[in-house]
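A.B. asks: Turn this into a structure:
(chains A and B)
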Amino acid sequence: DARVTQTPRHKVTEMGQEVTMRCQPILGHNTVFWYRQTMMQGLELLAYFRNRAPLDDSGMPKDRFSAEMPDATLATLKIQPSEPRDSAVYFCASGLGQAPGYNEQFFGPGTRLTVL
Amino acid sequence: AQSVTQLDSQVPVFEEAPVELRCNYSSSVSVYLFWYVQYPNQGLQLLLKYLSGSTLVKGINGFEAEFNKSQTSFHLRKPSVHISDTAEYFCAVSLNTDKLIFGTGTRLQVFP
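C.D. replies: Model (predicted):
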């Protein structure tokens, strides 16, 4: 049963600490997305990659957020330093990317981040 | 720029009643349309999608949606809901890119 996995599922940290979230996309998927979900803003696209190359990170605060794909099986989202306003659920999704526009995105279970 | 509007933030309904969740989009060009469902403490899961062809699209769990180009709508329907349908439902639109623009979501609450 192929699925996107995310670790950790929950993270509580103090303001100023570094936070790293990891995502393992479905094997064979070449497109990876990072989303943030909050009650106030809903679901926001932070960044996405195709074939490990960043295509769009316009939704990501550049001063403290960074996203990378060290290899095809791992995507990371890092926040340094973290702030209370970063508290949210962070979702990773992957897709086949064969035909831009109508490929299904498969979502992971999310990482619930709380910054105190 | 394209956008998605889900007018109803919450929809309460009794079990076995029909339900319609509304979605309108704005775009000057052709779009692809999606409905995703999010169960509590889970990620989003695709319910159905409209790419082209028949305007009535059938999805999983007995849901269907109808694309109406003149009204720029893509409403989601189910003739008889179950308790297990309680979840948040997101409408999304994309142009010819990988990016999805999501609506703000509609929380469907099914009561016994």
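
A.B. asks: Okay, now the unreliable bits of chain B?
C.D. replies: Applying pLDDT under 70 to chain B flags residues B:1.

A.B. asks: buried ones in stretch B:23-34?
C.D. replies: Neighbour-count burial for stretch B:23-34 flags B:23-25, B:27, B:31-34 (criterion: 16 or more other C-beta atoms under 10 Å in any protein chain shown). To be clear about C-beta, it is placed using only N, CA and C from the backbone, and glycine gets the same treatment.

A.B. asks: whoops, stretch A:68-76 was the one
C.D. replies: Quick answer for stretch A:68-76 (16+ other C-beta under 10 Å): A:69, A:72, A:75.

A.B. asks: Among those, which lie within strands?
C.D. replies: A:69, A:75 (DSSP state E).

A.B. asks: Isn't A:Glu67 up against A:Lys78?
C.D. replies: Residue A:67: Ala, not Glu. Yes: A:Ala67 lies in contact with A:Lys78 (C-beta atoms under 8 Å); the separation is 7.5 Å.

A.B. asks: With neighbour numbers in mind, choose between the two.
C.D. replies: When neighbours are counted by other C-beta atoms under 10 Å in any protein chain shown, A:Ala67 comes out ahead of the other of A:Ala67 and A:Lys78, with 21 against 15.

A.B. asks: rewinding a little: of the buried residues of stretch A:68-76, the lowest pLDDT goes to which?
C.D. replies: Ranked by pLDDT, the buried residues of stretch A:68-76 bottom out at A:Ala72, which scores 92.

A.B. asks: which residues touch it?
C.D. replies: Listed by C-beta atoms under 8 Å, 6 or more residues apart in numbering or on different chains, the contact set of A:Ala72 reads A:25, A:30, A:52.

A.B. asks: swap the cut-off to 10 Å and go again
C.D. replies: A:24-25, A:27-30, A:32, A:49, A:51-52 (C-beta atoms under 10 Å, 6 or more residues apart in numbering or on different chains).

A.B. asks: For A:Phe107, the count of nearby residues, please.
C.D. replies: Residues near A:Phe107, counting by other C-beta under 10 Å: 22.

A.B. asks: Can you name the residues bridging to it?
C.D. replies: A:Ala93 (DSSP bridges).

A.B. asks: OK, contacts around it?
C.D. replies: Here A:Phe107 is in contact with A:3-4, A:6, A:33, A:35, A:91-94, B:36, B:38, B:42-46 (criterion: C-beta under 10 Å, 6+ apart).

A.B. asks: give me that answer again for 7 Å
C.D. replies: Each residue near A:Phe107 by C-beta atoms under 7 Å, 6 or more residues apart in numbering or on different chains is listed here: A:4, A:91, A:93, B:43-45.

A.B. asks: can I get those residues in TSV with secondary structure, distance to B:Thr5 and neighbour count?
C.D. replies: Shown next, in TSV, are the contacts of A:Phe107 (DSSP: H, G, I helix; E, B strand; the rest coil; distance: C-beta to C-beta, whole Å; neighbours: other C-beta atoms under 10 Å in any protein chain shown):
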residue	secondary structure	distance to B:Thr5	neighbour count
A:Val4	coil	28	24
A:Phe91	strand	22	27
A:Ala93	strand	22	24
B:Gly43	coil	23	22
B:Leu44	strand	18	29
B:Gln45	strand	22	16
